[in-house]
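**Q** Here is my input, please return the structure:
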Amino acid sequence: MEQFGLPTVLMIVKEFGIPGLVLLLWYLSMKSQNKMLDAYREDTKAVIEVFEKKYDNNIILVKSVEKIASDQKDLITTNTEALTRLSQTLRFNRLCPNVKIEMGDG
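**A** I've put the predicted structure just below:
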């Protein structure tokens, strides 16, 4: 940040008055704020880079688990359909030879 001594400040007040001093203070404040924002941006970029490197494996793991869950869903659906057919077969006693003869299947 630029250094302004008392003579410089007095000269600004003498030439531009209080509004000039206010503008000078505003300019210095904005310059300081911009430096802080730049530092914050750099720090944030560094944190994001570390985060991405550290957690890339987690992204791969999540995708793998997602695929396994999809496969399990298909397997559960198939098993449920098979158990439903088995349940209906047992409920109507279609395995009994006498019932098959009565129903005309045998």
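**Q** Distance check, G17 against S29.
**A** G17 is 19 Å from S29, where distance means CB to CB, to the nearest Å. In short, each C-beta sits where N, CA and C put it, glycine included.
**Q** and if you look at I18?
**A** 16 Å.
**Q** What residues of stretch 22-30 count as buried?
**A** Within stretch 22-30, the residues scored as buried using 16 or more other CB atoms under 10 Å are L24.
**Q** ditto for stretch 45-52
**A** Using 16+ other CB under 10 Å as the test for burial, stretch 45-52 gives no buried residues.
**Q** Run the chain-centre distance for that stretch.
**A** Relative to the centre of its chain, stretch 45-52 is centred 14 Å away, using CA atoms, centre = their mean, to the nearest Å.
**Q** Equivalent analysis for stretch 35-54, please.
**A** Worked out by CA atoms, centre = their mean, stretch 35-54 lies 17 Å from the chain centre.
**Q** what are the C-alpha coordinates of it, in CSV please?
**A** What follows is stretch 35-54, C-alpha atoms only, in CSV (Å, rounded to 0.1, in the frame of the first residue of the first chain):
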residue,chain,number,x,y,z
LYS,A,35,-5.6,-7.3,-2.2
MET,A,36,-7.5,-9.3,0.4
LEU,A,37,-9.9,-10.7,-2.2
ASP,A,38,-7.1,-11.7,-4.4
ALA,A,39,-5.4,-13.5,-1.5
TYR,A,40,-8.8,-15.2,-0.7
ARG,A,41,-9.2,-16.4,-4.3
GLU,A,42,-5.7,-17.9,-4.3
ASP,A,43,-6.3,-19.6,-1.0
THR,A,44,-9.6,-21.0,-2.3
LYS,A,45,-8.1,-22.3,-5.5
ALA,A,46,-5.4,-24.1,-3.4
VAL,A,47,-8.0,-25.7,-1.2
ILE,A,48,-10.1,-26.8,-4.1
GLU,A,49,-7.0,-28.4,-5.8
VAL,A,50,-6.2,-30.3,-2.6
PHE,A,51,-9.8,-31.4,-2.3
GLU,A,52,-10.0,-32.6,-5.9
LYS,A,53,-6.8,-34.6,-5.6
LYS,A,54,-7.7,-36.1,-2.2
